[in-house]
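*Asks:* The sequence and its predicted three-dimensional model are supplied below.
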Protein chains: 2
Amino acid sequence: MTIALSPNASAPLAPPASIEPLVVPDRLLLGPGPSNVDPCVIAAMNQQPIGHLDTAYLAMMDEVQELLRYTWQTTNPLTYAVAGTGSAAMEATLANAIEPGDRVLVCVKGYFGHRLVDMAQRYGADVVAINRPWGEAFSLEELTTALAEHRPAVLAIVHAETSTGVCQPLEGLGAACAAHDCLLLVDTVTSLGGVPIFLDEWQVDLAYSCGQKGLSCAPGISPFTMSDRAVAKLERRRQPVANWYLDAALLRKYWGPERVYHHTAPVNLTYALREALRLLAEEGLDARWQRHRQIAEYFWSGLADLGLSCHVEESLRLPTLTTVRVPDGVDAKAVSRQLMADYNIEVGGGLGELGGRVWRIGLMGYNSQREHVDTLLHALAAILHQVT
Amino acid sequence: MTIALSPNASAPLAPPASIEPLVVPDRLLLGPGPSNVDPCVIAAMNQQPIGHLDTAYLAMMDEVQELLRYTWQTTNPLTYAVAGTGSAAMEATLANAIEPGDRVLVCVKGYFGHRLVDMAQRYGADVVAINRPWGEAFSLEELTTALAEHRPAVLAIVHAETSTGVCQPLEGLGAACAAHDCLLLVDTVTSLGGVPIFLDEWQVDLAYSCGQKGLSCAPGISPFTMSDRAVAKLERRRQPVANWYLDAALLRKYWGPERVYHHTAPVNLTYALREALRLLAEEGLDARWQRHRQIAEYFWSGLADLGLSCHVEESLRLPTLTTVRVPDGVDAKAVSRQLMADYNIEVGGGLGELGGRVWRIGLMGYNSQREHVDTLLHALAAILHQVT
């Protein structure tokens, strides 16, 4: 029996010529992200979804919030996961912090600082950017001077610059911001779960991260938090947040006790994030930070043995992401291509000012393992031996 | 050996008291969404991520685009998946179509029409809303009259209103919009993959959907498309799209041949969506639409046997989502609670005007099966027998 589909139903266009069942190659992901995911996280994700208002799901949301607070070392009530990748959580902090005309001071020392400038401008901010060369950090004095000079409503800075491998010291900055009635907004994409972060102690007002990298969840769900000071600014807004999907004034009613429907949650990714954070809590932050530090130092020492040097001085160097200088005469892209072709290892290339000058090597979360360092150093040694 | 973590490292706060490994209850999801996912889709998702610039991933993106074009029956080059849930794709169409001051005509006949109004206002649109009661559709004549009266730059309408169960006829509307130099923006969240859609034949300029429901992918990744006319408006913009994450001018450079990095993709969800769309193409649109129609008619006939009636007249009734009238004297919420407690079946309640007056029953994608209809009707009969 054929059923009339609609009064003027056409016959559909033909489907694409044979698309085969999915085959995913096996890669060791040692670039700036995504990193490999803990197999337990994949197992958690590998289940049927349940409803986003199911009591079992609501309980899971509470657990995710509690675990995120631990991971960030904050007691912020407004702490939840954004239903998008890290860039969505980045935009969420700006969208919720900025009203048109607000002055925003962005501290640029790499690619993601530039992106903060771009995003903030789209929300009508009066953006002032200060700059440091790619591979350096700002001093507290520079930042304090800029605060006094520009009197911003928000100061935005990247803790762990994924494009340079620099860890920006943050101690003291929150107090300086508070003294100028300025909110401190921090990117912790490449630091959360791998590098010490004390959000409350540092008086950070808005922060975001990604699910993958240091947390070892699959990409697509991302941590977000706002302090009570930031929430107070949100509550004083004269106009709604210029972004419905990321509006914290709506989302807090879904993540909070009211449970007002906002959007259909990425349920399977919530399973994954909960498991990733649970594993992190089980390991303990202190142990996890030390593991990342030890594995990074083991890697740096192996690089030195190969005659390779790091772009960032050791006191500012991220354990999660290392920028390795490309030796003179070596084609950075050719080496990366060969790592992929012959060893199934992904590493990142340089961005912007560092294009062609560094490789970016991530040792994050589940991938922060001595075995992976050995595998990579062995492969690098073999390739560099051929080309030099 | 203990490593100093930072000059003033504090000891981290303690982790939350024991959070157990994840246990997900087994639910039959027959509400407005999410629906259960095809087990093959879960298997596809159940793999390690690869890089978002990996050649294998780029090939997968091309396949997803090709499959989405088939599913929507369009040849739009700018067709891709947004890294968020359906609400993000909804916002993407508005963000990319609207410049501040543009008049947007929103046709409201349910909850999601109201949401289009809210979102469009956030992008500075001059919004004009026209209304129909919840459970009805607009006639082509009403819409053509409104076009002539309001001369909008964009007309936004929901094809399948998830809050009412109405399928809005769209034949002829695209031509009327084009004649008024207006872009036609259509919500296909609860129709794509379950109800006939011919995007090009209908001259639709912007459309979005979700990955779950009719496509049976896990939630968190969502179809989006723009016609060449809509792209031309995007290219004429005087100011950038007021949303970085959803900016099609940036995303087309990642999904197109340039492959410019934008954000880290939700890699595992891309695996899932590709598999969901591949299964759809394997079944064929015609067969899939007929399956949804047949299963819905079987359900409606079973409802009649129980003495239950549908809120929407049959000619406008969606096969994917049925609004079932709550009999007089029956507590809608109590019945839903009992379906969940005793049978692990999720159904939706009424929203807005229909609160307490209907149940919303979804039979979408993988869940459009005769066995599920039997299970639900059996459970409903037993519960209603107790309470009436």
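*Replies:* That came through, no problem.
*Asks:* Pull the contacting residues for A:Cys107.
*Replies:* Neighbouring residues of A:Cys107 by C-beta atoms under 8 Å, 6 or more residues apart in numbering or on different chains: A:113, A:129-130, A:132, A:138, A:143, A:146, A:155-158, A:168. Yep, even glycine has a C-beta here, placed from its N, CA and C like the rest.
*Asks:* pretty sure it belongs to a helix, no?
*Replies:* No: assigned with DSSP: H, G, I helix; E, B strand; the rest coil, A:Cys107 falls outside any helix and is strand.
*Asks:* Look up how far chain B lies from it.
*Replies:* 18 Å (C-beta to the nearest C-beta, to the nearest Å).
*Asks:* For that residue, which residues count as its bridge partners?
*Replies:* A:Ile130, A:Ile157 (DSSP bridges).
*Asks:* The residue in the stretch 51-200 of chain A that chain B sits nearest to: what secondary structure?
*Replies:* Nearest residue of the stretch 51-200 of chain A to chain B: A:Ser87, at 3.8 Å (C-beta to the nearest C-beta). When classified by three-state DSSP, A:Ser87 comes out as helix.
*Asks:* State the distance from it to B:Tyr298.
*Replies:* Distance from A:Ser87 to B:Tyr298, counting by C-beta to C-beta, to the nearest Å: 45 Å.
*Asks:* Those two: which is more packed in?
*Replies:* The neighbour comparison of A:Ser87 against B:Tyr298 (other C-beta atoms under 10 Å in any protein chain shown) goes to A:Ser87, with 22 against 15.
*Asks:* which ones are touching the more buried one?
*Replies:* A:Ser87 neighbours (C-beta under 8 Å, 6+ apart): A:115, B:244-245, B:262-264.
*Asks:* which of these has the most neighbours?
*Replies:* Neighbour max across the contacts of A:Ser87 (other C-beta under 10 Å) = B:Tyr245, 30 neighbours.
*Asks:* give me phi/psi at A:Gly220?
*Replies:* Per-residue torsions, A:Gly220: phi 130, psi 0 (degrees, to the nearest 10).
*Asks:* Sorry, slip of the keys, the one I care about is A:Leu273.
*Replies:* phi -70, psi -40.
*Asks:* That one against A:Val64, yeah?
*Replies:* Yes: shown here, A:Leu273 and A:Val64 form a contact pair, counting by C-beta atoms under 8 Å, at 5.9 Å.
*Asks:* Now for those two: what residues contact both?
*Replies:* Joint contacts of A:Leu273 and A:Val64 (C-beta under 8 Å, 6+ apart) are A:Ala81.
*Asks:* The two - which one has more neighbours?
*Replies:* The residue with more neighbours, out of A:Leu273 and A:Val64, is A:Leu273; 28 against 24, by other C-beta under 10 Å.
*Asks:* And the pLDDT for that one?
*Replies:* The per-residue pLDDT reported for A:Leu273 equals 98.
*Asks:* That one: what's it in contact with?
*Replies:* A:64, A:81, A:211, A:215, A:217, A:221.
*Asks:* redo that, cut-off 7 Å
*Replies:* By C-beta atoms under 7 Å, 6 or more residues apart in numbering or on different chains, A:Leu273 lies in contact with A:64, A:81, A:211, A:217, A:221.
*Asks:* most neighbours, which of the residues you listed?
*Replies:* A:Cys217 (38 neighbours).
*Asks:* That residue touches A:Arg274, doesn't it?
*Replies:* No: using C-beta atoms under 7 Å, A:Cys217 makes no contact with A:Arg274, being 8.9 Å away.
*Asks:* so what's A:Pro266 up against?
*Replies:* A:Pro266 touches A:83, A:220-221, B:85, B:219-220, counting by C-beta under 7 Å, 6+ apart.
*Asks:* The residue nearest to A:Glu136 when sequence neighbours are not counted - how many residues pack around it?
*Replies:* If the residues on either side of it in the chain are set aside, A:Glu136 comes closest to A:Lys109, at 6.2 Å by C-beta to C-beta, 6 or more residues apart in numbering or on different chains. Using other C-beta under 10 Å, A:Lys109 has 23 neighbouring residues.
*Asks:* next one: A:Ala148
*Replies:* 11.
*Asks:* ok, back up a step: report the buried members of the contacts of A:Cys107.
*Replies:* Buried subset of the contacts of A:Cys107 (neighbour count, 16 or more other C-beta atoms under 10 Å in any protein chain shown): A:113, A:130, A:132, A:138, A:143, A:146, A:155-158, A:168.
*Asks:* hey, which helix is longest across chain A?
*Replies:* For chain A, the helix that runs over the most residues, judged by DSSP state H, is helix A:285-305.
*Asks:* packing partners for that one?
*Replies:* strand A:321-325, helix A:370-387 (3 or more C-beta pairs under 7 Å, 6 or more residues apart in numbering or on different chains; DSSP states H and E).
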